[in-house]
Structures are given as C-alpha cells and as structure tokens.
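Chemist: prediction below, plus the sequence it came from.
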Amino acid sequence: MKKIFIYLIRLYQKHISSGTKRHCRFTPTCSQYAIEAINEWGAFRGFFLALYRILRCNPLCKYGYDPVPLRNKKKG
C-alpha cells in the first residue's frame with residue numbers, strides 16, 4: 001500500500017505539480033512531506049499526517065520548516 005501511495009504522489013509531482021506556478025508554503029513541500037510521512041509512519045497514519053499538512057497549507061496558517069514527526073524508536 002505504501003508503494004502505491006508513493007507512486008501516485010510521484011506522478012503528481014512529475015506531471016501536475018511541475019506545471020503549476022504555485023509554491024508550497026512549507027519546507028519540505030506538501031508532496032515530499034507526504035512521501036516522508038508514509039515512509040516513516042506507514043500508509044494509513046502517513047496519509048492522515050499528509051492530509052493534515054495539506055489542510056494547514058493556506059494563508060491563515062503559519063509557514064516555514066515543518067518536518068515529519070519522527071517515531072520514538074526503542075533501542076534494543
């Protein structure tokens with residue numbers, strides 16, 4: 001499932017996003033954030049993190065550097 005989501009995002013980046021003049025308010029971009037979130041958290045949780053990020057990508061919210069939250073991985 002992760003690979004399907006990432007493939008669809010890459011298609012968007014290559015064929016749709018590259019042709020628009022609008023730029024994301026955040027670093028990394030919302031589509032790159034989605035890929036990183038899916039890789040870090042899995043398809044389900046990563047999708048909802050990306051959706052929340054997209055909803056915050058508007059003039060009423062702050063902007064700038066907004067990385068994907070990292071998991072607390074236990075050393076063992």
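Modeler: Received it, and whenever you're ready, just let me know what you need.

Chemist: count the residues that sit near L51.
Modeler: Neighbourhood size, L51 [other Cβ atoms under 10 Å]: 13. Just so you know, the C-beta spots here come from the backbone N, C-alpha and C atoms, and that holds for glycine as well.

Chemist: could you check the pLDDT of it?
Modeler: What the model reports as pLDDT for L51 is 97.

Chemist: who touches the longest helix along the chain?
Modeler: Across the chain, the longest stretch assigned as helix under DSSP state H is helix 43-56. Residues from elsewhere that reach helix 43-56 (Cβ atoms under 8 Å, 6 or more residues apart in numbering): 1-2, 4-5, 26, 30, 33-34, 37-41, 66, 68-69.

Chemist: drop anything exposed from those.
Modeler: 5, 26, 30, 33-34, 37-38, 41, 66, 68 (16 or more other Cβ atoms under 10 Å).

Chemist: next secondary structure after the helix or strand bottoming out on mean pLDDT in the chain?
Modeler: Within the chain, no helix or strand scores below strand 26-27, which has a mean of 92 by mean pLDDT, DSSP states H and E. Next helix or strand after strand 26-27 toward the C-terminus (DSSP states H and E): helix 30-41.

Chemist: quick one: strands adjacent to the least confident helix or strand of the chain?
Modeler: Using DSSP bridges, strand 26-27 pairs in its sheet with strand 64-65 (parallel).

Chemist: mind saving the C-alpha coords of whichever strand or helix holds I9 as CSV?
Modeler: Following DSSP H and E, one finds I9 within helix 2-11. Taking C-alpha atoms only, helix 2-11 is exported to CSV below (Å, rounded to 0.1, in the frame of the first residue of the first chain):
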residue,chain,number,x,y,z
LYS,A,2,2.9,2.4,0.8
LYS,A,3,4.4,1.9,-2.6
ILE,A,4,1.0,2.7,-4.3
PHE,A,5,0.6,5.9,-2.4
ILE,A,6,4.2,7.0,-3.1
TYR,A,7,3.8,6.1,-6.8
LEU,A,8,0.7,8.3,-7.0
ILE,A,9,2.5,11.2,-5.3
ARG,A,10,5.5,10.9,-7.6
LEU,A,11,3.1,11.0,-10.6
